[in-house]
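[1] pasted the sequence and its predicted model underneath.
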Amino acid sequence: MQGVNHFFSVIFQNRRSTAGLIILVFFKLMASVGPMVFTLDTTVDYENRYQMPSASHWLGTDFAGRDTWVQVVYGSKEVLTIGALTALFTLMIGAALGMFSGLVGGKPDTAIMMVTNLFLTIPAFPILLMMASIFSIRDPISFAAVLSIWGWPGLTRAVRSQIITLKERDFIVICRVMGMSNLHIIFKELLPNVTSYLAINFILIMRGAIVGSIGIMMMGLAPYSPMNWGQMLVLAVQQTGGIFNPNGYIYVLSPIVALASFQLGCIFFANGLDEALNPRLSR
Amino acid sequence: MQAANLVEIRDLSIQFPMKRGVVQAVQNVSLDIPRGKITALVGESGSGKSTLASALLRMVSSPGVIAGGSIKFDGTELLKLKKRELREYRWSQTAMVFQAAQNALNPVVRIGEQFIETYVAHKKERKEKILDKVKHLLDYVRLDPNRVLNAYPHELSGGMKQRVMIAFSLLLDPKLIILDEPTTALDVITQEYIFNILMQIHKDLGITMLLLSHDIAIVAKAADQVGVMYAGNLVEVGETCDMFAAPKHPYTSGLIKAAPSLLTEAAEPIAGSPPNMLNTPAGCKFHPRCKHAMEMCGREQPPLLSLDNQTLVACHLHSAGHGTEGGAYDIAAKVRAY
Amino acid sequence: MTSLLKLEHISMCFDGKKSLLGERKEVQALSDVNLEIKPGEIVALVGESGCGKTTLGKVITGLHRPSKGRMYFEGKDISGMNASELKRYRSSVQLVQQDSYAALNPARTIYHSLSAPILHHNKVKGSKAAKAKVRELLETVGLAPADLYLDKYPHQLSGGQRQRVLLARAISLEPKIIVADEPVSMVDVSMRLSILNLMAELNRNMGIAFVYITHDLATAKYIAQSGKMAVVYLGRIVEFGKVKELLSEPKHPYLQALLTAVPVPDPVVAKRLKVLPLRSFEMPNVEDPPHGCGFHPRCPYANVRCETHLPALDDYAGVSVACHHVKDVPVWSLNS
Amino acid sequence: MNKSFVLRQLAASLLTVFLAMILTFVLLRLTPGSAIDAWARGYAAQYNVTLEKAYEQVALMINYNPKEPIYEQFITYVSGLLKGNLGYSMVSQSVSVNEIIASALPWTLFVSSIALFISFTIGIFLGVQMAWRRKSLLEPIVSVYSILTNAVPDFIFAILLLIVFSYGLGWFPINGAYDPFLDVGFNLDFIVSVFYYAALPILTFVIAMIGDWALSMKGSAVSVIGEDYVEAARARGLPDSVIMKKYVRKNAIIPLVTQMAMALGGMLGGAILVENLFQYPGMGYYMGNAVGQRDYTVMQGILLFIAVTMVFANLIADLIYSKLDPRIKTGG
Amino acid sequence: ACSDSASKSSVNSNTAQTKDGITSDRPAVNKDKMFRMTGTWPKPPLYQGNLYAAGGVGIPFHYIYEGLFQNVRSTDKVYNILAESYEHKGNQTVIKLRQNAKWNDGKPFTSKDVWAFYTLNHGVEVTHYVKSIEYPDDYTVIFNWFDKSPSDEVKIKMIGQDMVASIPYHIYKAFVDRDAALLAKAKPHNDPNKKTPYGLDLTQIAEEVGKVWQDFMKSNPKFPITTGPFMVKKVTNSDLLMEKNPYYWNLENIHFDKFAMKDPGPDPAAGFALLRSGKIDYMEHTPPKDILDSILAANEDLVHYKTFDPACVGMIFNTTKAPFNNVEFRKALIYALDREKLRDVGNIYGEVPKTALTGMAPSETKKWVTDDVKSKLTDYSYNPEKAAEILNKLGWSKGTDGKWRDPQGKLPEFIIAVNSSWVIGVNPGQVAAEQLTKFGIPTKLLAVDGSIFYKKAEQGEYQMAMDFTDTTWGTMFPWSPLRNQYWGLLARMAGFQKDKNGALDLKIPGPDGQVLDMEKELQNMPYLKTEKELQEISSKIAWITNENAYGVDFFQNVTGFWANKKTVKGWPMEDQIEASDRNMMLGTTPEDRQETADLIPGFGNHMAFNQGRLSPR
Ligand SMILES: Nc1ncnc2c1ncn2[C@@H]1O[C@H](COP(=O)(O)OP(=O)(O)OP(=O)(O)O)[C@@H](O)[C@H]1O
Ligand SMILES: Nc1ncnc2c1ncn2[C@@H]1O[C@H](COP(=O)(O)OP(=O)(O)OP(=O)(O)O)[C@@H](O)[C@H]1O
Ligand SMILES: [Mg+2]
Ligand SMILES: [Mg+2]
């Protein structure tokens, strides 16, 4: 409890991280509560396409006369889900391998690092495209799985080097002197020291995954899901001529702005998170 | 006729505004550094020694600010120097041997070049001429110039780097050299060796030195005059021998007694722990740890007063109304065992 | 009384920097070290930086497996111990490190750091008992009232307080011996003595033997007044004996040089210019140590024999010294 | 430079390349419903041959016979690779992957090295300025800029640049690598046209990368500025310009060298969408087409090629690194 | 040379354009006599000069290759191209070739080349109906049909499908001769229903024939050797340059010296930008209305033409999957779709039919369905009440949550699958899924990658699959769309039963109650001689298709093209351009439609050029 209070007090001390938190909470609410507040009416209303913002259409309407704001709201859910799942998968693989590799050392470490380096040398984006066509993407889970397949190596390397420095630290050495078990060392001593790092990475991977998912949509390798910012962007930019219609600019910009502000929130929050979760910095 | 004091610090205050409050790293400190002498500042870690010294170069690290006071260096007011004057002043007037000398050299530039670029920043000179001078200086600190000049810093041992730094400090024939714990990271033999060199330099060149240390034994060895700092305050200033013979401030005597020595068996720690600099006690900063603390110590901060011509002390035991109570504690001269 | 811990011909060799194709340089951190520690004894290990003190400490605590030699704990060879004996050895030999900040997990509270080992070793059962025990430990090391410290993070304590926490942790498993590796070199001057006093107290009251590692001879003298002292040079013990005798009458030229270099907090004595009885101030390269006596390149008394023959650690006037010239080396005194 | 260090690095690099071979090989074999089966079936239908025959023909094109045991397949594949044969396009079967890479690589190298150089130079400059003047407006501006450029995929910039400068103002060509009406060769008109046509792609990459470089450099420079030697340099009265150049920049740039190698590799393979928008005949363009057409051999060949490039770029980065940083003198 | 207005002079130099939109005596705008358009092609190093090699030669195809005849899609007109004349003599068709036709390398085009084409590329449809093809002299080709032969009209249209001048004998002699020798070894199988080349049993030689074909494919000149009006000169990623073929048999009609093609890439905006800036003279694409208007507004020289695409965007039900195996259920779904809205997001110019699916494009039913049957075709216009009524009758019930449950009380969840890269399909598909969901039948659109979609759709993986429906590409007679529906991909999507011989096993009562064997009727169609016979059978099939609701047309597609009237003249209906505000209506008269269709490369290849219709201004 005290920890939670402390956490928020640190977050709120920093203007950036406060802004970040507010933005993220806003999007989280958008994704969870939004669909209950706004009703999605997908009925085509061609006559009223590309309308400018008004009281009834906060962000105007799209190429088929549907409310853009509501689409952004409904889209946030899928975007956030994909991002969060990707981050989760990546973290699970990346952190587990990194910790194992760093702690065990020796041959397993060499082998894991070899594979990690290998993955790092083969560019991610083409592989993403390849994966997207190998495993047909159907839902946010498979989307996230594909996005995380090539996402873990960087994290593994970073976690490993963290663990290696931690491992030599005196407080871990003492654990060995005192005959503590490896499990204790991993979960009670090491993990708390990398949580802040992992939490920041969670946010950052999430944000990378969202950009990646848009690339995949752009190449037409992901399922059509108009309530996804990425797909909205693809539709607006490539398929419906939003960029040729001055009235369509709001429609084109909506997903971009939503994306950019979400990422802004991620980065700002990550800045503060480091301080909040890291007792050393919070003097 | 030159003034006897090279540096006169008056009422200097330096603050570090932090998120959780302001650190008063140096508080109303007044200190004279006599020309041609070695003045030492002792005090625990965090007592403000380095901060005070950095003010002499006008290099208080951010977010620190000099909140008030004045520093007269050889008659010039340092705090009023313009940017350009300041740059010229640094190193040519006051040089410094840093606390972490290990890291005071640019790791990717050869040492010789660092000497040259520093020289050139201040005076026009031919490269060969400069090199001659540098070689001379390196010789002086008993290093092999040919090897050192072409070396990168990491190729030298800690003791060697420290000696390079000493040579460096002499490069522009400054009037004052600040030695900020020049041997903390080194072991005893190297420490002794380096102090021998420093003393030699002092003897040969008569340069004024300001030595910062928390090791009372080092101070005893090197300094002519000692200032004792506690929590940003200067609590006592006096001649070295006088001070060791008869420390006036309870903290000073505590420090002297707390130093284990090969000479004596007895030693006694100072109770309590150093103050939190963000939240220092009211009144005399030392009173929570002081055996002789009185009611007024928690209320009023004692001023630094002159006891006689030589010694200054900031302690209510010695301020006017309480002078008689000095007998309450016995810091009479110790009988040496030898 | 049998020895608590006995080291026989211990050598420790580290691989130098790796190079796949090039030759592998080795660092001989310890060579043929013999040392005996009796229950409740204080042994100070002194020597220059890099001479192998920490390595020896780590060998004793079982963190390094020596490359040669045997180590006996209560008469039993460590390498031949079964699991329960090993467990006993492990909890009987504890370590206190130099950097109290690094030695505590920054992400966990003092209570967590202290309770984990005792719970793990079943010294207490349940969190209630653990809390009581931790309180007791904290109070033993002078951190009273304990409740003030339980929920603090390491960075919220001062250096001296943290060092006390380390000692509390070290004694929590009721050890027989504590290796204290420069426990006060990073503690503020004003508080060094109190930590040393605490250690002496633990030694006296609980009968815990201490191996006190330092390069500060003055503190070594302070804590090991009645104990013993081993002077380590380039991985070897070059002089060993009672602290008092060693300090009043150092035999080995190296110890003499060390003592000369120690500054004394007395301006009258200190200001006399001392001449170090040394030919060179630089330590030899550990990767390529000199032949014969490791000290010969720096020793003012060295001769050809020193360059070729390694002196053995022999008894001489009640202390053990490893020097060919014990008899010829002039008597040293602080004033010389 | 230590010889054994270089050799060791080289050995590690070769091992990675070998693993990359295995990985791309495995990836191809993993493709759904076996792309090779599908290919062979299609082949049999199209050319009216038996399935067996089709497999043989397909085997010729992909460098190994999918009917053989895996290790033999791999050996055939690798021996093909050793002869420098990356296989043939599955779509245009008379064209080898080698030919495709040979025609694409120069364009990509041209654009990405210029873009990298420009963005790196500007980024470094901005980064040092940001670190040096902590309170200036530059910091927040560049940070927000960098966040935005990271948030928006780079092809969006390409589209925007096209809309403004090409479609709108008409200052730059719509796409292509050079004026088709000019003779290809070493003549001034042609060279000018090559630069003219590359301007927007380069600008796209520069816009997308500057922020990152600036931020990386800022991070690195801030930690350098916190180092004692910078403080010491100031104490020595060195002018700011010297400190910034010789102390801050020289030290802060070192960790970025490896990033640079990675960035180059990333651009070789990652510029799919951008190169496609500009119809720029680089690696990403062919990669994108191969992905679109499921031309697995081409994808595999290009991936392998990029992996090899990356490995050696890293190797070179390591060597440069140890040149720049005298502290890294590895080896016994 | 055929410029009709060059001589007209205008005194008023301010009036740059005369009433009919043609410039006067000002210097030529298009000095280079260049025609510029957008297109795609395999990018070097993948570009090569063999039409049959994988990847082909791209859009330039339409301007460089020729056949004996040219069929025009949508209007069904046939032009003589390399054939000067033809004559049906019993079971023979004798074709006289133009004597002045040459390959672009200067070699004459002869009957041997025609023979070579049908020998090497013996898989084309015509060969299934002929015993042999002879070339008695250099300029005569004789097709010897089997005894039971298609109608004369069909014969010519079948030959018209083939780009005969694409395998120059002088280049591919070795392969042609090898193949001819192999074919000579094969024995006839004497079964007229088995459609094989020249009635031969090829199983014995299949392997060797395959080898020849494969070797042929790998033998590529750098650029195609063709007889068409233009020839490829230079290829880069973004540009392809062609020049007038100096050997062209009808050279005086070709008014352009150069022909430049630009690939705008994946961003449609690039193409539009080229148009606006006047950098191209022609582009095929009908963008959404807003884009169209903005482009027209941006460049006054542009004109947009439209024409009906004889195909619909629609979807097919998988009749093997419950509940789609129930025709009433299928009907209910169709009634629940508001197809006007689907059209709005798909292609605003498209037209929504009242019928569900007739097997042929709605615009064609006018011609091929008799009035009698027309009146019997069920009207499937949007009618949710009717849909609900049907569902209720089927035992479905609508819950309070607004969702329908099947008779077992289960909540259905349906999928409409579509090829994700099919731009005009995806949006209407999504809206269709939303409409069904809103109606109370939860449905999702599954946009599947093209590489997987067709395979899975054929295997009956999806309940509803989208594609072009009622397609009438190739030649226009009703056989083509109908066989598409019952034999082709659409049939497999619908899951029609087949017997063990692979024949369609579908016997259904027609409008008059008489049961039709669909396989037999379709097999017989090409042999029908009169239009009346054709109308009769196609009417019946149209009725059957519509009543059985195998699928639903969302809307009939409209395609169009852009023209630049400043640089090129001769565009269709030039006199109406200003009147219709440069966005031309769908051609109303057959002549207008013909003129427009001829110009679209996908419809009429290079007719616009070799008839001299277009010329530089
Ligand atoms: N850059 C800084 N930012 C914030 N606080 C600082 C900074 N530099 C010094 N301080 C604070 O100022 C006080 C005095 O520090 P200073 O370094 O002068 O002490 P010191 O006596 O030199 O200690 P040490 O013996 O450890 O070198 C300390 O409390 C420290 O926390
Ligand atoms: N893990 C290791 N790998 C390689 N060499 C090592 C290792 N640990 C110590 N050494 C080397 O062994 C020698 C002895 O080191 P040790 O740490 O024991 O010295 P020390 O006496 O404790 O020095 P200090 O007073 O600086 O702590 C040194 O030369 C050191 O470089
Ligand atoms: Mg300091
Ligand atoms: Mg040590």
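    On my side now, so go ahead. Quick caveat, the model's predicted, so the values are computed rather than measured. Numbering: from 1, shown residues only, chains lettered A, B, ... in the order given. Ligands and ions are numbered 1, 2, ... in the order given.
[2] okay, CA-based contacts and neighbour counts for the rest of this
    OK.
[3] neighbours of the closest residue to ligand 1 within chain D, how many?
    Distance from ligand 1 to each residue of chain D (Cα to the nearest ligand atom) is smallest for D:Gly226, at 9.6 Å. As a burial measure, D:Gly226 scores 12 neighbours (other Cα atoms under 10 Å in any protein chain shown).
[4] likewise A:Val257?
    16.
[5] tell me which parts of the stretch 51-200 of chain B are close to chain A?
    Residues of the stretch 51-200 of chain B lying near chain A by Cα under 8 Å from any Cα of the partner chain: none.
[6] list the contacts of the helix or strand hosting E:Glu340.
    Counting by DSSP states H and E, the element that carries E:Glu340 is helix E:339-346. By Cα atoms under 8 Å, 6 or more residues apart in numbering or on different chains, the residues outside helix E:339-346 that reach it are A:44-46, A:63-64, E:349-352, E:381-382, E:424-425, E:427-429, E:431-432, E:554-555.
[7] stretch E:158-177 too?
    E:51, E:65-71, E:78, E:103, E:109, E:112-114, E:116-120, E:124-126, E:212-213, E:215-216, E:225-227, E:474-475.
[8] and for residue 41, the neighbour number?
    Just so you know, I chose chain A. 12.
[9] um, chain E though
    24.
[10] element containing it?
    Using DSSP H and E, no helix or strand contains E:Trp41.
[11] now do the same contact list for it.
    E:Tyr47, E:Gly56, E:Val57, E:Gly58, E:Ile59, E:Pro60.
[12] from chain C, how far out is the second one?
    According to Cα to the nearest Cα, to the nearest Å, E:Gly56 and chain C sit 54 Å apart.
[13] in stretch C:262-282, what's buried?
    C:262-267, C:269-271, C:274, C:276-278 (16 or more other Cα atoms under 10 Å in any protein chain shown).
[14] for the stretch 251-400 of chain E, which residue gets nearest to ligand 1?
    For the stretch 251-400 of chain E, Cα to the nearest ligand atom, closest residue to ligand 1: E:Asp267, 54.1 Å.
[15] next, count neighbours for that residue.
    15.
[16] isn't it right up against D:Leu277?
    Yes. If you go by Cα atoms under 8 Å, E:Asp267 and D:Leu277 touch, sitting 6.3 Å apart.
[17] how about the helices in chain A?
    A:2-13, A:15-32, A:34-37, A:68-104, A:106-121, A:124-134, A:140-149, A:152-167, A:170-177, A:182-184, A:191-218, A:229-234, A:249-277 (DSSP state H).
[18] who touches the fifth one?
    With contacts defined as Cα under 8 Å, 6+ apart, helix A:106-121 is touched by A:97, A:100-102, A:150, A:153-154, A:156-157, D:16-17, D:19-20, D:262, D:265, D:306-308, D:310-311.
[19] same deal with stretch D:289-307?
    A:118, A:121-123, A:126, A:129-130, A:219, D:17, D:20-21, D:24-25, D:28, D:35, D:62, D:86-91, D:97, D:101, D:265, D:268-269, D:283, D:287, E:451.
[20] next one: stretch D:138-158
    By Cα under 8 Å, 6+ apart, stretch D:138-158 touches A:207, A:211, A:214-215, A:256, A:259-260, A:263-264, A:267, D:129-130, D:200-201, D:204-205, D:207-212, D:214-215, D:273-274, D:277.
[21] can we see that at 7 Å?
    Stretch D:138-158 is contacted from outside by A:211, A:256, A:259-260, A:263-264, D:130, D:204, D:208, D:211-212, D:273-274, using Cα atoms under 7 Å, 6 or more residues apart in numbering or on different chains.
[22] closest one to B:Lys127 out of the residues you listed, please.
    D:Met130 (33.9 Å; Cα to Cα).
[23] mind listing what the closest one touches?
    D:Met130 neighbours (Cα under 7 Å, 6+ apart): D:Leu138, D:Glu139, D:Lys218.
[24] the nearest residue to A:Ala144 once chain neighbours are set aside: what's it in contact with?
    Leaving aside its sequence neighbours, A:Ala144 sits nearest to A:Thr86 (Cα to Cα, 6 or more residues apart in numbering or on different chains; 4.3 Å). A:Thr86 makes contact with A:Ala144, A:Ala145, A:Leu147, A:Ser148, A:Met206, A:Ala209 under the criterion Cα under 7 Å, 6+ apart.
[25] go ahead and confirm the fourth one touches A:Leu91.
    Translated: A:Ser148. No. Using Cα atoms under 7 Å, A:Ser148 is not in contact with A:Leu91, being 8.8 Å away.
[26] related to what we said a few turns ago, from E:Ala297, how far out is the residue of chain D closest to ligand 1?
    Counting by Cα to Cα, to the nearest Å, the gap from D:Gly226 to E:Ala297 is 60 Å.
[27] repeat for E:Asn30
    22 Å.
[28] how about stretch B:230-238 and chain C, any contact?
    No. Stretch B:230-238 does not reach chain C (Cα under 7 Å from any Cα of the partner chain); its nearest approach is 11.3 Å.
[29] which secondary element of the chain has the worst mean pLDDT?
    Defaulting to chain A. When each helix and strand of chain A is scored by mean pLDDT, DSSP states H and E, helix A:2-13 comes last, with a mean of 70.
[30] sorry, should have said chain B
    Per-SSE averages on chain B (mean pLDDT, DSSP H and E): minimum strand B:305-306, a mean of 84.
[31] toward the C-terminus, what is the element adjacent to it?
    strand B:312-313.
[32] taking the centroid of chain A, which residue is nearest it?
    A:Met206 (0.9 Å; Cα atoms, centre = their mean).
[33] so that one sits against A:Leu88, correct?
    No. Contact criterion Cα under 7 Å: A:Met206 and A:Leu88 do not qualify, at 8.6 Å.
[34] measure E:Thr559 to E:Ala608 for me?
    Applying Cα to Cα to E:Thr559 and E:Ala608 gives a distance of 17 Å.
[35] residues contacting the closest residue to chain B within the stretch 501-617 of chain E?
    Residue nearest to chain B within the stretch 501-617 of chain E: E:Trp562 (64.6 Å; Cα to the nearest Cα). Residues in contact with E:Trp562 (Cα under 7 Å, 6+ apart) are E:Tyr282, E:Met283, E:Glu284, E:Leu302, E:Val303, E:His304, E:Tyr305.
[36] the stretch 151-300 of chain B: helices as residue ranges?
    Taking DSSP state H, counting those that start in this stretch to define them, one finds helices in the stretch 151-300 of chain B at B:158-169, B:188-205, B:216-222, B:240-245, B:250-258.
[37] same deal with the stretch 201-336 of chain C?
    Counting by DSSP H, counting those that start in this stretch, residue ranges of the helices within the stretch 201-336 of chain C are C:217-223, C:243-248, C:253-261, C:267-270, C:304-308.
[38] who's in contact with residue 259?
    I went with chain A, as the question did not name one. Residues near A:Leu259 by Cα under 7 Å, 6+ apart: D:Ala151.
[39] burial count for residue 139?
    Unless you meant another one, I'm taking chain A. 14.
[40] hmm, I had chain E in mind actually
    When neighbours are counted by other Cα under 10 Å, E:Tyr139 registers 19.
[41] for chain C, which helix or strand comes out least confident on mean pLDDT?
    For chain C, judged by mean pLDDT, DSSP H and E, that is helix C:267-270, with a mean of 82.
[42] that one near chain B anywhere?
    Yes. On the criterion Cα under 7 Å from any Cα, helix C:267-270 is in touch with chain B at C:Pro267, C:Ala270.
[43] residues touching stretch C:253-263, excluding its own?
    By Cα under 7 Å, 6+ apart, the residues outside stretch C:253-263 that reach it are B:188-189, B:192, B:217-218, C:250, C:270, C:276-278, C:299, C:332, C:334.
[44] brilliant, that's me finished.
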